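Colleague: sequence and predicted structure are below.
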Amino acid sequence: MGNDEESQRQVLVCQHVNCVANGSRDVLEAFLAIATSDFEVIAVGCQGQCNMGVTVRVLPDETWYCRVKPEDVPVIVQQHLQEGIPVDRLLHPRLHPRF
Ligand code: FES
C-alpha cells in the first residue's frame, strides 16, 4: 500500500429503488454515523444486483456484500475496513463463489 490517499477504501451503498425498499437508506446512515477518515462512504445508483440488496461494494477491493442490514455495518467497518478481513457471511455468493 502507498500513502493514505491511495489506500483509502470507498464504500459504495446502493440507493436505487430495490435496495431502498430493503432499507438501504438506513444502511447508508449507519455507515455515515461511524465513518472515519480511513474510508469514504458514497451513495450510488443501481449496482445491478437488485434482487440481493441492500448492495454494498467496497473499492478498491471489489468486495460485494449483499442483503446488508444496518446491524451488519459495525462488523463490516471493524473487520473489513479497519482490519482488512472481508466478512464472509455477507459476501455475495455469485460474485464471491465458495469452493
Ligand atoms: S437497486 Fe441496488 S443493486 Fe440494483
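Modeller: Okay, I see it. Numbers count the residues shown, from 1 in each chain.

Colleague: which residue comes closest to Ala35 once chain neighbours are left out?
Modeller: Nearest residue to Ala35, sequence neighbours excluded (C-beta to C-beta, 6 or more residues apart in numbering): Val41, at 5.1 Å. Glycine gets a C-beta too; all of them are placed from N, C-alpha and C.

Colleague: show me what the helix or strand containing the one you found is packed up against.
Modeller: Using DSSP states H and E, Val41 sits in strand 39-44. With contacts taken as 3 or more C-beta pairs under 8 Å, 6 or more residues apart in numbering; DSSP states H and E, strand 39-44 sits against strand 9-14, helix 24-33.

Colleague: single out the most deeply packed of these.
Modeller: Among these, ranked by average contacts under mean count of other C-beta atoms under 10 Å, first place goes to strand 9-14 (a mean of 21).

Colleague: show me what it is packed up against.
Modeller: helix 24-33, strand 39-44, strand 56-59.

Colleague: and the ones you listed as CSV, adding mean pLDDT?
Modeller: Output for the helices and strands packed on strand 9-14, formatted as CSV (pLDDT from 0 to 100):
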stretch, mean pLDDT
helix 24-33, 98
strand 39-44, 98
strand 56-59, 98
